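Asks: this one's sequence-less:
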């Protein structure tokens, strides 16, 4: 970047930091000096999404938005977003991403509200994780080694596509029955949330609960984020900010599914999922992230099983939801997709922004 462009870019960065979204910025200058280029580059680097409107090329409909909708900003941005096919950086989703990084532990939240410094929040969360380890060592009894192994493997297990906890990864001789008490200890201490496979889903999900197949989520997604970033002694604010702005990829699927588990559990649901593997019949192979039981409007408000799939990407398919409906038919109620996009209703499939998981 040349000296002139660098200075202009630094002024844009200074404006962004000082205004905090409260003002607009007008860039003036001679023709062909790079105003549009640097503005677009700044938008691409510093925001989750941006929109380029060229008034010399914009059709009358778009120009009309700036006149007719100037007093209705929600409608204004909605129409622009629809016309240009760009989904703008919504405040609710941004705040939810902040929540996934900070978590809900009171000390961490308080430090973030006070400083807005991710590195200081990270230090608070590391202290909480150290206390968890001390509690395991002090109160874990004869199971403390097994409890520690599970705790140390949370990130690696949840990083997998299929997030079922693989007991054999803890040792060749490890067996599920030997670790049941360790899983219970962590869950009872509110450090983790266990999710069991319901092998024959019905309104009584626990009837077919399989304790040999478990997904083990962190009870606080902010702590999970720190565990995932704990390779060095400290995680700086810049790294957290780059993750927040999606400049650096972290396992979004892990965080998204974990935070949904956290919100469902907070809302009073025991956690169940459905997993089926069938080499001979592909129609039987499916993985449903979560199952809940709720009244179904199309069955006179009788209780039905609602499958939930969590999607961290904006591009996805719903093959497992469709298979689940085909296999269990009248047992199935509303099917949900939790995704990083706005609300969409397609027959009995309801697609919700992921931050609405706590309303289910």
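Replies: In hand now; what should we look at? Here the structure is a predicted model, which means the values were calculated and not measured. Numbers count the residues shown, from 1 in each chain.
Asks: got a list of what the closest residue to residue 299 other than its chain neighbours touches?
Replies: If the residues on either side of it in the chain are set aside, residue 299 comes closest to residue 333, at 7.0 Å by Cβ to Cβ, 6 or more residues apart in numbering. Every residue, glycine included, has its C-beta placed from N, CA and C. Listed by Cβ atoms under 8 Å, 6 or more residues apart in numbering, the contact partners of residue 333 are 294-296, 298-299, 303-306, 348.
Asks: taking the residues you listed, tell me the two that lie furthest apart.
Replies: 303 and 348 (15.2 Å; Cβ to Cβ).
Asks: chain center to stretch 96-103, what's the gap?
Replies: 9 Å (Cα atoms, centre = their mean, to the nearest Å).
Asks: buried set for stretch 287-297?
Replies: The neighbour-count check on stretch 287-297 (16 or more other Cβ atoms under 10 Å) flags 287-293, 296 as buried.
Asks: pick the one among those closest to residue 81.
Replies: Using Cβ to Cβ, the buried residues of stretch 287-297 come closest to residue 81 at residue 289, 28.4 Å.
Asks: the closest one contacts residue 308, correct?
Replies: Yes: at 5.8 Å, residue 289 counts as touching residue 308 under the criterion of Cβ atoms under 8 Å.
Asks: for the two, list the residues in contact with both.
Replies: What both residue 289 and residue 308 touch, as defined by Cβ under 8 Å, 6+ apart, is the set residue 260.
Asks: and the contacts of the one helix or strand residue 242 maps to?
Replies: Element membership for residue 242, per DSSP states H and E: helix 237-244. Helix 237-244 is contacted by residues 94, 97-98, 101, 117-119, 122, 229, 248, 250 when judged by Cβ under 8 Å, 6+ apart.
Asks: and the residues you listed, which of them are in helices?
Replies: 94, 97-98, 101, 118-119, 122 (DSSP state H).
Asks: out of the contacts of residue 333, which sit inside helices?
Replies: Among the contacts of residue 333, no member falls in helices (DSSP H).
Asks: so which of the residues you listed is the most crowded?
Replies: residue 305 (25 neighbours; other Cβ atoms under 10 Å).
Asks: hmm, it is touching residue 291, no?
Replies: Yes: judged on Cβ under 8 Å, residue 305 makes contact with residue 291 at a distance of 5.7 Å.
Asks: about what we covered before: and the helix or strand that comes right after the helix holding residue 242 with helix 237-244, angle?
Replies: Sequence-wise, the next helix or strand downstream of helix 237-244 (DSSP H and E) is helix 252-266. Helix 252-266 and helix 237-244 are oriented at 80 degrees to each other (axes from the mean of the first three to the mean of the last three Cα atoms, to 10 degrees).
Asks: begin at 781, not 1, for the rest of this chat.
Replies: With the count now opening at 781, the last piece we talked about shows up as helix 1032-1046.
Asks: low-confidence ranges in the stretch 931-1080 of the chain?
Replies: Low-confidence segments of the stretch 931-1080 of the chain, defined by pLDDT under 70, are located at 1026-1028.
Asks: now the strands for it?
Replies: 972-978, 989-998, 1051-1056, 1066-1076 (DSSP state E, counting those that start in this stretch).
Asks: got the angle between the shortest one and strand 989-998?
Replies: With the same axes, to 10 degrees defining the directions, strand 1051-1056 sits at 120 degrees from strand 989-998.
Asks: and if you look at the last one?
Replies: For strand 1066-1076 against strand 989-998, the angle between stretch directions is 100 degrees (the same axes, to 10 degrees).
Asks: got the contact list for strand 1066-1076?
Replies: 942, 975, 978, 981, 983, 985, 1037, 1040-1041, 1044, 1049, 1051-1056, 1081-1090, 1099-1101, 1103-1104, 1107, 1113-1114, 1140.
Asks: ok, of the residues you listed, which come out buried?
Replies: Here, 16+ other Cβ under 10 Å leaves 975, 978, 981, 985, 1037, 1040-1041, 1044, 1049, 1051-1056, 1084-1090, 1100-1101, 1103-1104, 1113-1114, 1140 buried among the contacts of strand 1066-1076.
Asks: and stretch 984-993, end to end?
Replies: One end of stretch 984-993 to the other measures 18 Å (Cα to Cα, to the nearest Å).
Asks: same question, stretch 883-901
Replies: 10 Å.
Asks: now do stretch 925-943
Replies: Termini of stretch 925-943 sit 22 Å apart (Cα to Cα).
Asks: for it, give me every contacting residue.
Replies: 912-913, 916-917, 920, 944-946, 949-951, 958-959, 961-963, 965-966, 971-972, 995-998, 1004, 1007-1008, 1031, 1033-1034, 1037-1038, 1055, 1067.
Asks: buried residues, that stretch. List them.
Replies: Here stretch 925-943 shows 926-931, 933-935, 937-938, 943 as buried, counting by 16+ other Cβ under 10 Å.
Asks: what of stretch 1022-1037?
Replies: 1023-1024, 1030-1037.
Asks: closest to residue 1015 out of those residues?
Replies: Nearest to residue 1015 among the buried residues of stretch 1022-1037 is residue 1023, at 9.8 Å by Cβ to Cβ.
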